[in-house]
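Undergrad: Provided below for reference: sequence and predicted model.
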Amino acid sequence: MSKKLYVYFGININKNSAKSPAAPGTLTLGAGDPSVTTRRVSATMFDEIINFSYQIPANSTSTQTWDVCYQDSVAADGIGLPGHHGCGDQSISASAYYLG
């Protein structure tokens, strides 16, 4: 709970169409004006609720994708790979397998 949560969001909008666009390929840090609320569920558990705020033009369709991460606190990820793994970058791939 003491680590900073990084929230990423991406949206594709298809104006004046009933057909949904493809999912975004890139997510941007802080896009969609995210707000994070933390609440205690039990003595050892917490929930983090993330809300996004954005507008879609009338008669449009959209596809959204989001992701969150915490930066690794050691020089390696969970399987021992050293180095930076993208968490905290300004933008990330929507298909990123691991961010830390």
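TA: Received, thanks.
Undergrad: Please make it C-alpha for all contacts and neighbour counts, starting now.
TA: Will do.
Undergrad: roughly how far out does stretch 88-100 sit from the chain middle?
TA: In terms of C-alpha atoms, centre = their mean, to the nearest Å, the gap separating the centre of stretch 88-100 from the centre of its chain is 9 Å.
Undergrad: which parts of that stretch are buried?
TA: Of the residues in stretch 88-100, those scored as buried under the neighbour-count criterion (16 or more other C-alpha atoms under 10 Å) are 88, 91-92, 94, 99-100.
Undergrad: same deal with stretch 11-30?
TA: Applying a neighbour-count criterion of 16+ other C-alpha under 10 Å, one finds 11-15, 21, 24, 26-30 buried in stretch 11-30.
Undergrad: end to end, how far does it reach?
TA: Using C-alpha to C-alpha, to the nearest Å, the end-to-end distance of stretch 11-30 comes out at 12 Å.
Undergrad: what's next to that stretch, contact-wise?
TA: Residues from elsewhere that reach stretch 11-30, judged by C-alpha atoms under 8 Å, 6 or more residues apart in numbering: 6-10, 56-67, 88-95.
Undergrad: Apply 7 Å and report the result again.
TA: Contacts to stretch 11-30, defined as C-alpha atoms under 7 Å, 6 or more residues apart in numbering, come from residues 7-10, 57, 59-66, 90-94.
Undergrad: Could you give the average pLDDT over it?
TA: Averaged across stretch 11-30, the pLDDT comes to 91.
Undergrad: Return the members of the contacts of stretch 11-30 classed as buried.
TA: Buried residues within the contacts of stretch 11-30, counting neighbours by 16+ other C-alpha under 10 Å: 7-10, 61-62, 66, 91-92, 94.
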